[in-house]
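**Student:** Take a look and give me a structure for this.
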Amino acid sequence: FQLQSCGGCLVQPGGSLRLSCKFSEGSSDYFAIGWFRQAPEKERAFISHITKVTGGTYYADSAKGRFILSRDNAKNTVILQMNSLKPEDTAVYYCAATNMATIMADEYHYWGQGTQVTVSS
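**Tutor:** Coordinates of the predicted model:
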């Protein structure tokens, strides 16, 4: 998996950012692609996941109403659109794959390299 950053990923509060996660065409052994984030001195936290077959999505409470997860199957890419960003959204963001419907980081594999997102005025 290759996490494509937003080019610096610095945005003011209330702004928007778009992260994309590109996976290889041969990565067929997964059920869903998920996004996590990890702030300094905190555990990695689930944000959202999208299933491979149906495109169904699930969001953590912190993401509901602000973040939108979608996929572009033609480009083997999953896109996380983040709106109304807050300073507490500052973290390193990761994408990964899982073989089940889960929010547990331990059940995910093929982690992307992570990208820093900073929300600050």
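
**Student:** Closest to the centroid, which residue in the chain?
**Tutor:** Geometric centre of the chain, nearest residue: residue 35, 2.8 Å, by C-alpha atoms, centre = their mean.

**Student:** Which residues are in contact with the nearest residue to that residue once chain neighbours are set aside?
**Tutor:** The shortest distance from residue 35 to any non-neighbouring residue, by C-beta to C-beta, 6 or more residues apart in numbering, is to residue 47 (4.3 Å). C-beta coordinates here come from the backbone N, C-alpha and C atoms, glycine included. Listed by C-beta atoms under 8 Å, 6 or more residues apart in numbering, the contact set of residue 47 reads 34-37, 59-60, 62-63, 67, 80, 93.

**Student:** Can you get me a residue count around residue 41?
**Tutor:** 5 (other C-beta atoms under 10 Å).

**Student:** typo on my end, residue 70
**Tutor:** Using other C-beta under 10 Å, residue 70 has 13 other residues around it.

**Student:** Renumber starting at 25 from here on
**Tutor:** Sure thing, new numbering starts at 25, so read that last one as residue 94.

**Student:** Who are the contact partners of it?
**Tutor:** Residues counted as contacts of residue 94 (C-beta under 8 Å, 6+ apart) are 74, 79, 102-103, 105.

**Student:** picking up where we left off before, name the element the residue nearest to residue 59 belongs to?
**Tutor:** For residue 71, the host element (DSSP states H and E) is strand 69-75.
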